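*Asks:* I would like to see how this sequence folds:
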Amino acid sequence: MEAEADAEANDKWEGKVSARLTKASAGQIWPLFKDFFNFHKWFPSLATSYGVHGTNGEPGCIRFCSGFSIPSNEGDKPVSWSKERLVAVDETEHRLCYEIVDSNIGFNSYMSTFEILPVDGQDYHHHHHHGCVIEWSFTVAPVDGWVLDDLVGKYQVGLQSLAQRMEDAFAN
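*Replies:* Below is the predicted model:
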């Protein structure tokens, strides 16, 4: 049995995308991710998300997300949905992990991590700024009807619009 499990683990798809923010710091962005139940405020392609279990931002809590751009696998285009459990929160590293516990989009053994990395730098005009990079990585069992590169591309587009929306909130 163990050998089988190992083989399975090797078959997992892995993807990682990142987006750089120059107008918002890791400390400003992190609480937006910890507001786990309200992800739809920041993720443009997500119609709704709300808590269905536990305390928002604490490991073990579960959110229900629906209406995102990855199609459901149920034909006739019903709304796609997933239930996502917050697995771990690392305040020091500004990192959180969550898993999909149930969905209709064919994502199995799905685990995802957001990490917000501080970036100190100077722009072209030598103005010092404290920006950050959002890294979004995931592993999932191969998904029917998808090619990994296309899925990663979708994440990249999603993360860019997410980052833009978050940055706009702090740009004033």
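
*Asks:* return the helix or strand in this protein with minimum mean pLDDT.
*Replies:* helix 2-10 (a mean of 52; mean pLDDT, DSSP states H and E).

*Asks:* surely Asp11 and Val140 touch.
*Replies:* No. With contact defined as CB atoms under 8 Å, Asp11 does not count as touching Val140 (10.5 Å). C-beta: built from backbone N, CA, C; applies to glycine.

*Asks:* more neighbours, those two?
*Replies:* Taking other CB atoms under 10 Å, Asp11 and Val140 do not tie; Val140 has more neighbours (20 against 9).

*Asks:* against Gly153, how distant is that one?
*Replies:* 15 Å (CB to CB, to the nearest Å).

*Asks:* which residues in the chain form helices?
*Replies:* Assigned by DSSP state H, the chain shows helices spanning 2-10, 26-34, 148-170.

*Asks:* okay if I get those helices as JSON lines plus distance to His53 and mean neighbour count?
*Replies:* Putting these into JSON lines (distance: least, CB to CB, whole Å; neighbours: other CB atoms under 10 Å) gives the following:
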{"stretch": "helix 2-10", "distance to His53": "27", "mean neighbour count": "8"}
{"stretch": "helix 26-34", "distance to His53": "17", "mean neighbour count": "18"}
{"stretch": "helix 148-170", "distance to His53": "24", "mean neighbour count": "16"}
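
*Asks:* and Glu14, how far from Tyr155?
*Replies:* Glu14 is 11 Å from Tyr155, where distance means CB to CB.

*Asks:* His94 now?
*Replies:* 19 Å.

*Asks:* cool, and His53?
*Replies:* Applying CB to CB to His53 and Tyr155 gives a distance of 25 Å.

*Asks:* who touches the residue nearest to Ser161 when sequence neighbours are not counted in this structure?
*Replies:* Among residues not flanking Ser161 along the chain, Pro44 sits closest, at 4.7 Å (CB to CB, 6 or more residues apart in numbering). By CB atoms under 8 Å, 6 or more residues apart in numbering, the residues touching Pro44 are Gly158, Ser161, Leu162, Arg165.

*Asks:* also His130?
*Replies:* Residues in contact with His130 (CB under 8 Å, 6+ apart) are Ser25, Ala26, Pro118, Val119, Asp120.
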